[in-house]
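Peer 1: Fold the following and give me the result.
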Amino acid sequence: MAKFSREDSLRVKIILRSILLLVLLIPVLHGNGDAADKRADTTAPADAAKTEEGALAPPVDELIAEALVNSPAVGAIRSRVAASMEFIEPASALPDPELEFSLEENISSLSSPVFAKGEMVLKQKFPFPGKLSVLGKTAGAESEMEYAGLIDTERQLTRDVRTIYARLYALDSEALALNAARELVRMLEATAAMRYSTGEGEQESQIKAQIESSRLTERMNDITAERAGMAAGLNRLLGRSGSLPVGKVTALPSVSIEHEGIGSIEELALANSPAVFIKKAAVKSAKYRLESAELDFWPDFFAGAGVAFDSEYDPMAVVSFGMTLPVWQNSKQKPLKRAAGHKLEEAKKSLKEAETVISSEIAGLFARWSRDQEQIMRYRDAIIPQTSAALNSARAS
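Peer 2: Sure thing, here's the model as predicted:
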């Protein structure tokens, strides 16, 4: 009797674990290869896209497109980019002209001053050649930084949507496997109860099946709560209300790496990383600011033209010309130039740091990718066939 009870308990564990592993892993290994077909299935009519527990989620690419259009964060940065582009032309424009009125009187007799001359002159300031051009280039580089920030935010949003989508897929697959396992455990519990009632088995097997069923129910409740939180997070990224339902995720798009060598992948990442591009634009802006600080050592010019009237109200032409005198260089221009040089060095070092971070991240991601590919092959070629054989053996016994 005791020997039969241990075999019965072992059979329960083998069947339960085998079912869990097979149901959970087979969609992962065989579903991604048919990702295109499955994505087409998700776009079928609504009556065909229903499951027992609700509609299917749209393909992840559709959600990404929706997020890029409706995300408030992306919209705010797009407005910032548009504003930065508007700053480029004003930065290189001439200062506003000045209109000056003057009145001259003869004050030799304070009690009765005599009108001598009146003038009306239009003046225009002309910065030293090259100053306005550098200011425009600086504004352009800063606009490039804002645009790179937009690309970075869009890619982060895309990554976040894909990550949550994949986690929802994992939770939905696990819930499906747990539901099948719970039905199997209930069947085993009923079988154990029948054997116990007929004296062919012990109550221990029935109790163990009940405990396992409770654990499965507990995990399914945890999955429900965890999925609700992830769905709310996905809705936030999509610009939706957090309470809107998200359908079941039944498939993931296939993913592959076209460049197999770590060197080519790192080179591609450095060439396309928005974070690196932001730092490069910052270096460019700092160079222009240093050039602008060097040009500030040169004077600016101004010219004017107008008319004047003497005491007899005879008209006269007035022409004026002048220039600024940068005589306070030790307390103004030179400190500003040194500060611009320090800013340039800071920007270069920040660029180097960003490139180092990207290289490190690529190395880590490539190692994880290689490990995951090996694990997939191991499950496909060894673990799943062996588990299937164990399940068939347990059923036969």
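Peer 1: Can you list the residue ranges for helices in the stretch 201-350 of the chain?
Peer 2: Remark: helices assigned in the stretch 201-350 of the chain by DSSP state H, counting those that start in this stretch are 203-238, 262-272, 274-295, 333-378.
Peer 1: Longest helix in the protein, by number of residues?
Peer 2: helix 131-197 (DSSP state H).
Peer 1: I'd like to check the angle between that helix and helix 262-272, please.
Peer 2: 130 degrees (axes from the mean of the first three to the mean of the last three C-alpha atoms, to 10 degrees).
Peer 1: Could you check how far the nearest residue to S205 once chain neighbours are set aside is from A181?
Peer 2: Leaving aside its sequence neighbours, S205 sits nearest to A192 (C-beta to C-beta, 6 or more residues apart in numbering; 4.1 Å). C-beta here means a position set from N, CA and C on the backbone, and glycine is covered the same way. Plainly put, A192 is 16 Å away from A181 if you go by C-beta to C-beta, to the nearest Å.
Peer 1: Same question for I164.
Peer 2: 25 Å.
Peer 1: now swap in G130 and tell me
Peer 2: 75 Å.
Peer 1: More neighbours: these two, which one.
Peer 2: Shown here are G130 and A181; by other C-beta atoms under 10 Å, A181 has more neighbours (24 against 13).
Peer 1: Assign K125 to helix, strand or coil.
Peer 2: strand (DSSP: H, G, I helix; E, B strand; the rest coil).
Peer 1: again, but for L99
Peer 2: On the basis of three-state DSSP, L99 is classed as strand.
Peer 1: which residues does it bridge with?
Peer 2: As for beta bridges, L99 partners with L122 under DSSP bridges.
Peer 1: ok, now which ones touch it?
Peer 2: M120, V121, L122, K123 (C-beta atoms under 8 Å, 6 or more residues apart in numbering).
Peer 1: Might one say that the second one is in contact with A303?
Peer 2: It refers to V121. No - using C-beta atoms under 8 Å as the test, V121 is too far from A303 to be in contact (10.1 Å).
Peer 1: what do those two both touch?
Peer 2: In contact with both V121 and A303: S320, using C-beta under 8 Å, 6+ apart.
Peer 1: what about those two, which has more around it?
Peer 2: V121 (17 against 14).
Peer 1: list the contacts for the residue nearest to D160 when sequence neighbours are not counted?
Peer 2: Once flanking residues are discounted, D160 sits nearest to L237: 5.7 Å by C-beta to C-beta, 6+ apart. Counting by C-beta under 8 Å, 6+ apart, L237 touches A67, S71, L157, D160, V161, I164.
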